[in-house]
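Engineer: please work out how this folds:
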Amino acid sequence: MAYKIIDPETVTIAADAEIGEGVVIFPNNHILGGCRIGAGAVLYPNNILEETTVGAGARVTASVARGAVIGKDAEVGPFANLRAGACVGENCRIGDFVEIKNASIGAGSKVSHLAYVGDAEIGKGCNLGCGVVFCNYDGARKAHTVVEDGCFIGSNVNLVAPLRIGRGSYIAAGTTVTRDVPPDSFIIGRARQESCEHLAEKYVRHGRGRR
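Structural biologist: Prediction:
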């Protein structure tokens, strides 16, 4: 056998699945119809893959991918959800609790944790921080977002589609972006922090705000 299954009794492989040479499949993997697993890929425990291509050398852990493409040497999971149309580029990092739908992630980009990327095109070498949300649905129809190469999207940023973020731009944490951003921009949009001493005294006096 050209590939290795650690515990065959816990693994499901569809008859039409294609498994490349040197692939390692750990327990509790379910490789369903229409899957292609590239040479040297590693499927760590607890994946469900359906109609999905996993590139050579990629590593997938405890994730669900349906109708997705995972590029060469990419790392996905744990607990990622790649829905239909998700396309993860080479050497990308898609981390825990990241959901991607109908979106492409350019080579070398990172979406490390707790993010939703929907109806979008992410360029190469981008970094999306924790809690980034692509706000793609207005209640009637879906809209598209483009993030060009080399952008940094800080934690808890909301990108309200339709939108284009220009190459090399930096979006500060906590910002909601509603207008197109020119290349090489720094964008920040937060409510100003205020110190309310009378409220602080009230909360401390009643034991609130402390553990």
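
Engineer: for stretch 8-26, measure first residue to last.
Structural biologist: End-to-end distance of stretch 8-26: 9 Å, with CA to CA, to the nearest Å as the criterion.

Engineer: what's the answer for stretch 95-115, then?
Structural biologist: Stretch 95-115 has an end-to-end distance of 9 Å (CA to CA).

Engineer: swap in stretch 20-35?
Structural biologist: Stretch 20-35 end-to-end distance (CA to CA) = 11 Å.

Engineer: so His198 sits in a strand?
Structural biologist: No - judged by DSSP: H, G, I helix; E, B strand; the rest coil, His198 forms no part of a strand; its state is helix.

Engineer: state the pLDDT value of it.
Structural biologist: Per-residue confidence (pLDDT) for His198: 75.

Engineer: Ile6 too?
Structural biologist: pLDDT for Ile6: 97.

Engineer: hang on, it packs against Asn29?
Structural biologist: No - counting by CB atoms under 8 Å, Ile6 sits too far from Asn29 to count as a contact (9.1 Å). (Glycine included, C-beta is placed from N, CA and C.)

Engineer: and the nearest residue to Thr10 once chain neighbours are set aside, how many neighbours?
Structural biologist: Once flanking residues are discounted, Thr10 sits nearest to Pro27: 4.3 Å by CB to CB, 6 or more residues apart in numbering. Applying other CB atoms under 10 Å, we find 15 residues neighbouring Pro27.

Engineer: Pro27: what's it in contact with?
Structural biologist: When contacts are counted by CB atoms under 8 Å, 6 or more residues apart in numbering, Pro27 touches Ile6, Asp7, Thr10, Val11, Pro45.
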